[in-house]
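Peer 1: below are the sequence and a predicted model for it; my questions follow.
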Amino acid sequence: MENQIFQLQYAIDTFYFLVCGALVMWMAAGFAMLEAGLVRSKNTTEILTKNVALFAIACTMYLISGYAIMYGGGWLLSGIEAFSLTDVLTASAENGFEGDSVYSGASDFFFQVVFVATAMSIVSGAVAERMKLWSFLIFAVALTGFIYPLEGNWTWGGGDVFGLYNLGDLGFSDFAGSGIVHMAGAAAALAGVLLLGARKGKYGKNGEIYAIPGANLPLATLGTFILWMGWFGFNGGSVLKLGDAASAHSVALVFLNTNAAAAGGAVAALITGRILFGKADLTMLLNGALAGLVAITAEPSTPTPLQATLFGALGGILVVFSIITLDKLRIDDPVGAISVHGVVGLLGLLLVPVTNDGSSFSGQLIGAATIFGWVFSASFVVWYALKLITGIRVTEEEEQQGVDLAECGMEAYPEFTSK
């Protein structure tokens, strides 16, 4: 009888893990649509190409080296163990009835790999409209195969930071990745943007800031709703199991809080935009919803729904001011990715101790500094090497023409192009 119960729990937890992983994979479509809607039409094909290619690269590199570094402490598939049914059942049987998760090792890899792709997707939008496609893809190899997995080893993997200290021992906690995934992606994006420079015509010589509207706001809105939906897998799957009453209750609360935070962020950003600009700014509304999602990702299981709404609202307000501030600093981010995922990602980490007694503000600060410091510095080195070797920016003529033709040889909307 006990074996039958174990088999059922194993099936439920594995299936739940796979479904949540598929929801997170669907976020790749959300990023693609959001970014395609917020860039100019002449750069649409290239941004879509980047999003499909980076997902494939992330899956391959995490299989080759990333998972091993993050959880196995080795290279070249050495960390991918217990993928056979016999090994998994043996390992799970030893821990499964002590409250630990019971699921297939293959499902764990699948769930983890889509998180890696999410981190890389954040970079895509921030460097849009002026970066060389192949330089971006080479960087994707470095981030997904080494840079992200190493900081993942220090956090979710439980490893010591360069053998010096352990973040878990210091009280660091990040339930689903406000820092580990989102702030890390933003740190890599910021390093690239600083070396890349702003788009032509974005900033004037006397400090003027010129808006460069996206070509397809309906597409951007669709992308936001896809990301909102995919986030239920992102946060809900991080509960890691479903096959008992306590876990099922936790999953339901995480889903509820995730949705509440997104709603709070959207409303707060809409109101903030109305106060500052006198109009209902759709792009701020969209980024506000995403900011609410990022803010709750670090800890969606312990707040009450009202607290989750307030946390999301804080993220929605913060993201508006962050986007404005980065523009004043002449840091050109076409989709607001650095603000949404980086600045609000830090907020999410700092909110964790408010409701989670197992964490500490000092631990969260040290963890945030560790993640940002490592990812930013390592990414800066890779971006700088690429700048010296291959170049990272298209020519001024190619940027004016549009990177669709320069990098991909085709346009997304050819029937609307005058010849």
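Peer 2: Great, that's in hand. Numbering: from 1, shown residues only.

Peer 1: so where's the stretch 301-419 of the chain shaky on pLDDT?
Peer 2: 416-419 (pLDDT under 70).

Peer 1: that one: helices as residue ranges?
Peer 2: Secondary structure of the stretch 301-419 of the chain, counting by DSSP state H, counting those that start in this stretch: helices at 305-328, 337, 344-355, 361-389, 396-401, 403.

Peer 1: could you do the stretch 51-200 of the chain as well?
Peer 2: Using DSSP H, counting those that start in this stretch, helices in the stretch 51-200 of the chain cover 67, 85-95, 105-126, 133-142, 148-154, 184-196.

Peer 1: could you find the closest non-adjacent residue to Val269?
Peer 2: No Val there; residue 269 is Ala. Gly288 (2.2 Å; Cβ to Cβ, 6 or more residues apart in numbering). Yep, even glycine has a C-beta here, placed from its N, CA and C like the rest.

Peer 1: report the contact partners of that neighbour.
Peer 2: Taking Cβ atoms under 8 Å, 6 or more residues apart in numbering, we find Gly288 in contact with Gly265, Ala266, Val267, Ala268, Ala269, Leu270, Thr272, Gly315, Gly316, Val319, Val320.

Peer 1: just the pLDDT for it.
Peer 2: What the model reports for Gly288 is a pLDDT of 98.

Peer 1: got the CA positions of the host helix or strand of it in CSV?
Peer 2: For Gly288, the host element (DSSP states H and E) is helix 282-297. Extracted in CSV, the C-alpha atoms of helix 282-297 (Å, rounded to 0.1, in the frame of the first residue of the first chain):
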residue,chain,number,x,y,z
LEU,A,282,-0.2,51.8,-21.6
THR,A,283,3.5,50.9,-21.6
MET,A,284,3.7,51.9,-17.9
LEU,A,285,0.6,49.8,-17.2
LEU,A,286,2.1,46.8,-18.8
ASN,A,287,5.5,47.2,-17.1
GLY,A,288,3.6,47.8,-13.8
ALA,A,289,1.9,44.4,-14.1
LEU,A,290,5.2,42.7,-14.8
ALA,A,291,6.9,44.6,-11.9
GLY,A,292,4.2,43.3,-9.6
LEU,A,293,5.0,39.8,-10.7
VAL,A,294,8.7,40.3,-10.2
ALA,A,295,8.2,41.8,-6.7
ILE,A,296,6.2,38.8,-5.5
THR,A,297,8.5,36.2,-7.0
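
Peer 1: that older thread, reformat the helices of the stretch 301-419 of the chain as a markdown table; add mean neighbour count and distance to Val39.
Peer 2: Formatted as a markdown table, the helices of the stretch 301-419 of the chain follow (neighbours: other Cβ atoms under 10 Å; distance: least, Cβ to Cβ, whole Å):
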| stretch | mean neighbour count | distance to Val39 |
| --- | --- | --- |
| helix 305-328 | 22 | 16 |
| helix 337 | 29 | 12 |
| helix 344-355 | 24 | 22 |
| helix 361-389 | 18 | 20 |
| helix 396-401 | 13 | 12 |
| helix 403 | 26 | 9 |
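
Peer 1: out of these, which is closest to His182?
Peer 2: His182 lies closest to helix 344-355 among those, at 4.0 Å (Cβ to Cβ).

Peer 1: for that closest one, packing partners?
Peer 2: Packing contacts for helix 344-355, counted by 3 or more Cβ pairs under 8 Å, 6 or more residues apart in numbering; DSSP states H and E, involve helix 282-297, helix 305-328, helix 361-389.

Peer 1: identify the residues contacting it?
Peer 2: Contacts of helix 344-355 with the rest of the structure, by Cβ under 8 Å, 6+ apart, involve 171, 173-175, 178-179, 182-183, 186, 291, 294-299, 302-303, 307, 311, 314-315, 318-319, 322, 359-361, 364-365, 367-368, 372.
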